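1. Here is the input, now give the coordinates:
(2 chains)
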Amino acid sequence: MLSVETARERAVPAARRSGGNLWRITKYTLVKGTTLLITVIIAVYLTILIANMGGYVDKMRESELRFQIAEEINQNEELRLLTVQERKTYEEEVFRVRAKQLGLDRPFIVKSFIYLWNGLTLNLGRAIHLTSDAGSAYVDNIIGERLAPTLLVMASSQLLLFFSAMFFALFLSRRYGSRLDRLVVAMAPTSAAPAWFYGIFLIMIFAAVLHWLPFGGMIDAPPPPGFWAKVGSIIKHLILPISAFVASSFWLSSYYWRTFFLIHSSEDYVDMAKAKGLTGRAIERRYVLRPTLPTIITSFAMTLIGLWTGAIVFETVFNWPGLGRLTQQAINMFDTPVIVGVTVIYAYLLALTLFLLDIVYAIVDPRVKLGGGENGS
Amino acid sequence: MRAIRNLLNQIKAYPSAVVGLCIIAFMITLSIYAVIKIPYREAVRLWKGGENVWIEYPRNARPEWFNLFYKEKQPVTIVMKTTETPELKTVTDLGNGIAAQDIVFEFDYQYDGFPAELSLFFTSKFTTARPNVEIKWITPDGREINMQSMSLRPSEAYRISQDTRLPRRLNGLQPEKGLFADPANPNKVLKGTYQLVVSGLVFEPEANIEATFVLYGKVHGIAGTDHLRRDISVALLWGAPVALSVGLVVAVGTSLTTMCLAACAVWFGGWIDWIIRRINEIVMILPLLPILIMIGLFYSRSIIVMMGCTALLGIFGSGILSYRSMFLQTKTSGYIEAARAYGASNFRIIFRYLIPKVIPVLIPGFVTQVPSYVFLEATLAVLGLGDKDLPTWGKLLNDAYSEGALLTGHFYWVVEPAVLLVLTGFGFAMVGFALDRIFNPRLRGL
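-> Numbering: from 1, shown residues only, chains lettered A, B, ... in the order given. Okay, here's the model as predicted:
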């Protein structure tokens, strides 16, 4: 994704200049940040264009507004007595005022920029049908409420997966060719199926057949009293999603890291370290892990990105009350503001991850020069 | 030709790849069979058919081979029609244009399970006076149970299982149970020959009654049926060509285009390179699934549109960067220099010298990508954004999931499409991994 090459080339080509490291890091960060911000703006605008191409969404909102007005008139005792003609003009009048309030009367180009600004400032408007558990109809409240559960399940499974796979791979690379090693190689293709897919099987086995674990959701309904009982219930509900995640990617990750470590253990400097008589652990830490750190970090960031986008179906399958499930509910209810809001949030999260990645990369990888120094060859 | 044979020889060294190739071959055969057996239009018509097409099929029936594993054998569907077997009907003229039309549906019931439903469908011909029928049930031990007497409209359905008056005559049991229960033990089926006797009376010389008796079984076919009585095997069969074509077309198309674009970007450099890299940066930030969801929701759920958009975003995805860095290395090689020296055109250099160099990386790449697109289609379908017309594996999963198949224990409904999806995915992944190890010198022997 973000190879050394590009990172190097993206670093500002400037003449060698003396100056504090801090200044260089700041400058690098600023340049990176600005580029990413521009990218985010374009991405969000594209999202809005797609969401509202041909004014389809506008039409939907208009008809919704008309329906709403007609309903209001029907419910009003006095207005119900109006003649057909009067009623029509009244409806039109109300519609015109309301549409103006909502900015529906302006041309699409203008509106798209209003939407863009609203999107970027996270002023995501009101949902059409969905509400947050606290009862708010504002999209940002709804999304905010769902962010924590997504983070909980995704972060715990991704972290578990990442570290377990990496250390398992280190262990394997020491036992290259063993039966366990061959098993991992053979099992790697099983990761072709995504996590939700394993989820279905796990639910079937452990929830439907064995009745050991719950089918889905985050906590028992009604929630058990007491803090620790609640935590216990959440952990019980976490087991299957996390297992699905780990089951789907553990073999491939182990295989990938094992191969990676094997390639890097055959470098000359590792042989040199072995010749010096260093212990296996010291070699691993100083001569295998240290030089490969940038790649490990990149891969970790990519897992994080996968975290954000992989959640939708995963949470749907596990009925997990997170962002992904919200997206799915919004799809079913045709709740456009929520869908656009979620997409914008995803774009932001992706950009933020990439941004952090770039900075960490620049700090860790000595080959990436910060805003100066070696001019990307 | 020799290159291919060489490659096949190398693949033979990897048993998993051989298995993978077998799976792919099986899937291709299945696809061809599906397309020949059920043409596209027929598949769409069947899958969207609803009750008219599937009326004689049971609801949520398990596959027939389940009977092999259980001691209690479940019934298959029995359909008897007077239009097909006229012997079922005897006509006696009673004079004055009045005639008795007696229909006897006789069948041998040797299963241990009760049927799922019972229905009787009539079509009758008359001008003014509606024919009359009396329906009676005769059990193997000779009990006679009067069920219903009714006068018929041109088309009439008597859903025996939904007759609310019948349970009173059957000790409170549901008709489909009570009619078959052993009087000594109401939870056991009384095996033997049952008769459903329809004594009809028509009051006009030209009038006529035709009847169809359907005993809905609890098992059906090789794949079972779903909540709309549809035969799941139709979707299982048709899922194969859909999955294969989606996976292959998108994977091959995306990787080829990406490669060509990367080659052009590297070779021409300058603003072309700049633009392609900026597009890549934007695409990296666009969340693919939400975008696809919006497209599916607002414009079209057609599989072509959805996969087209996936391909479009995939072209500028992360792959382009790795190709780019490969081409950057190749660009400085001596033979490119030589080609430039003899005056080769840009086009020639790109397509004859640059691109062939990375083909070994390309092939394992797209083979391993195939499963991800196959599963992407399933993912979209599970979210309810599957193709409107086509029956696919993903749509089966979606139906099963939204009908709570896991909660109600209809596991076959989930497992069948899932197993096929897994097979396809694993098949391609196994071959891809082996190819990767064959083509990638750094991985050789690892």
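2. mind checking how far the nearest residue to A:L180 once chain neighbours are set aside is from A:R286?
-> Nearest in space to A:L180, with sequence neighbours left out and distances taken as Cβ to Cβ, 6 or more residues apart in numbering or on different chains, is A:L172 at 6.7 Å. Yep, even glycine has a C-beta here, placed from its N, CA and C like the rest. Separation of A:L172 from A:R286 (Cβ to Cβ, to the nearest Å) stands at 20 Å.
3. between the two, which one's more packed in?
-> When A:L172 and A:R286 are compared for neighbours, A:L172 comes out ahead with 23 against 14, by other Cβ atoms under 10 Å in any protein chain shown.
4. Can you report how many residues lie near A:I73?
-> By the criterion of other Cβ under 10 Å, A:I73 has 16 neighbours.
5. Now for it: which residues touch it?
-> Contact partners of A:I73, counting by Cβ atoms under 8 Å, 6 or more residues apart in numbering or on different chains, are A:79-80, A:82, A:87, A:90-91.
6. 10 Å instead?
-> By Cβ atoms under 10 Å, 6 or more residues apart in numbering or on different chains, the contact list for A:I73 reads A:79-80, A:82, A:87, A:90-91, A:94.
7. what's the answer for B:L385, then?
-> Contact analysis of B:L385 by Cβ under 10 Å, 6+ apart lists A:328, A:331, B:292-297, B:301, B:306, B:377, B:379, B:394-395, B:398.
8. how about the contacts of A:I73 in CSV, adding pLDDT and secondary structure?
-> As requested, those are exported to CSV (pLDDT from 0 to 100; DSSP: H, G, I helix; E, B strand; the rest coil):
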residue, pLDDT, secondary structure
A:L79, 72, helix
A:R80, 72, helix
A:L82, 75, coil
A:R87, 80, helix
A:Y90, 82, helix
A:E91, 82, helix
A:V94, 84, helix
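9. Mind putting these into CSV with neighbour count and distance to B:Q162?
-> Below are the contacts of A:I73 laid out as CSV (neighbours: other Cβ atoms under 10 Å in any protein chain shown; distance: Cβ to Cβ, whole Å):
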residue, neighbour count, distance to B:Q162
A:L79, 15, 46
A:R80, 10, 42
A:L82, 15, 47
A:R87, 15, 46
A:Y90, 14, 49
A:E91, 17, 46
A:V94, 18, 49
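10. Which of those residues sits closest to B:I28?
-> A:E91 (60.0 Å; Cβ to Cβ).
11. host element of the closest residue to that closest one other than its chain neighbours?
-> Spatially, and ignoring its direct neighbours in sequence, A:E91 is nearest to A:I69 (5.7 Å; Cβ to Cβ, 6+ apart). When elements are assigned from DSSP states H and E, A:I69 belongs to helix A:56-75.
12. and what of B:L406?
-> B:L406 belongs to helix B:405-408 when assigned by DSSP H and E.
13. could you give the mean pLDDT of the next helix or strand after that helix?
-> The helix or strand immediately downstream of helix B:405-408 is helix B:411-439, counting by DSSP H and E. Helix B:411-439 comes out with an average pLDDT of 88.
14. Determine which two of the contacts of B:L385 are furthest apart.
-> Top of the distance list for the contacts of B:L385 (Cβ to Cβ): B:M294 and B:K395, 19.8 Å.
15. What is the nearest of the contacts of A:I73 to A:G177?
-> Among the contacts of A:I73, A:V94 lies closest to A:G177 (Cβ to Cβ), at 78.0 Å.
16. where's that closest one relative to chain B, distance?
-> 27 Å (Cβ to the nearest Cβ, to the nearest Å).
17. rewinding a little: list the buried residues for the strand or helix carrying the residue nearest to A:L180?
-> Per DSSP H and E: A:L172 is located in helix A:139-174. In terms of neighbour count (16 or more other Cβ atoms under 10 Å in any protein chain shown), helix A:139-174 has its buried residues at A:139-143, A:145-146, A:149-150, A:152-154, A:157-158, A:161-162, A:165-166, A:168-170, A:172-173.
18. Equivalent analysis for stretch B:149-164, please.
-> B:150, B:152, B:156, B:158, B:160-161, B:163.
19. So which of the residues you listed belong to strands?
-> B:150, B:156, B:158 (DSSP state E).
20. close enough to count as contact, B:G253 and B:S245?
-> No - using Cβ atoms under 10 Å, B:G253 is not in contact with B:S245, being 11.2 Å away.
21. shared neighbours of the two, anything?
-> B:M307.
22. Save the buried residues of stretch B:149-164 as JSON lines, and put in distance to chain A and pLDDT too.
-> What follows is the buried residues of stretch B:149-164, written out as JSON lines (distance: Cβ to the nearest Cβ, whole Å; pLDDT from 0 to 100):
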{"residue": "B:M150", "distance to chain A": "42", "pLDDT": "87"}
{"residue": "B:L152", "distance to chain A": "43", "pLDDT": "87"}
{"residue": "B:E156", "distance to chain A": "38", "pLDDT": "86"}
{"residue": "B:Y158", "distance to chain A": "36", "pLDDT": "88"}
{"residue": "B:I160", "distance to chain A": "32", "pLDDT": "86"}
{"residue": "B:S161", "distance to chain A": "27", "pLDDT": "85"}
{"residue": "B:D163", "distance to chain A": "33", "pLDDT": "84"}
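23. can you put those residues in CSV and add distance to B:V219?
-> What follows is the buried residues of stretch B:149-164, written out as CSV (distance: Cβ to Cβ, whole Å):
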residue, distance to B:V219
B:M150, 31
B:L152, 32
B:E156, 28
B:Y158, 24
B:I160, 20
B:S161, 17
B:D163, 24
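24. which of those residues sit farthest apart?
-> Spanning the widest gap among these are B:L152 and B:S161, at 19.4 Å by Cβ to Cβ.
25. In stretch B:392-400, which residues are buried?
-> Using 16+ other Cβ under 10 Å as the test for burial, stretch B:392-400 gives B:392-400.
26. mind showing which ranges of the stretch 1-150 of chain A have poor pLDDT?
-> A:1-21, A:52-57, A:60 (pLDDT under 70).
27. quick one, strands of it?
-> Applying DSSP state E, counting those that start in this stretch to the stretch 1-150 of chain A gives no strands.
28. next one: chain B
-> Going by DSSP E, chain B shows strands at B:78-81, B:89-93, B:99-109, B:117-125, B:132-138, B:144-151, B:155-159, B:181-182, B:185-189, B:192-202, B:208-216.
29. rewinding a little: was I right about the residue nearest to A:E91 contacting A:E92?
-> Yes - if you go by Cβ under 10 Å, A:I69 and A:E92 touch, sitting 9.4 Å apart.
30. Regarding chain A, what is its longest helix?
-> If you go by DSSP state H, chain A has its longest helix at helix A:227-265.
31. which outside residues touch the following helix or strand past that one?
-> Sequence order places helix A:268-276 as the next helix or strand after helix A:227-265, per DSSP H and E. The contact list for helix A:268-276 (Cβ under 10 Å, 6+ apart) reads A:264-265, A:267, A:278-280, A:282-284, A:286-288, A:291.
32. Contacts for whatever helix or strand comes next after helix A:268-276, please.
-> Helices and strands here follow DSSP H and E; after helix A:268-276, the next one along the chain is helix A:280-282. Residues outside helix A:280-282 that contact it (Cβ under 10 Å, 6+ apart): A:170, A:174, A:273-274, A:276, A:288.
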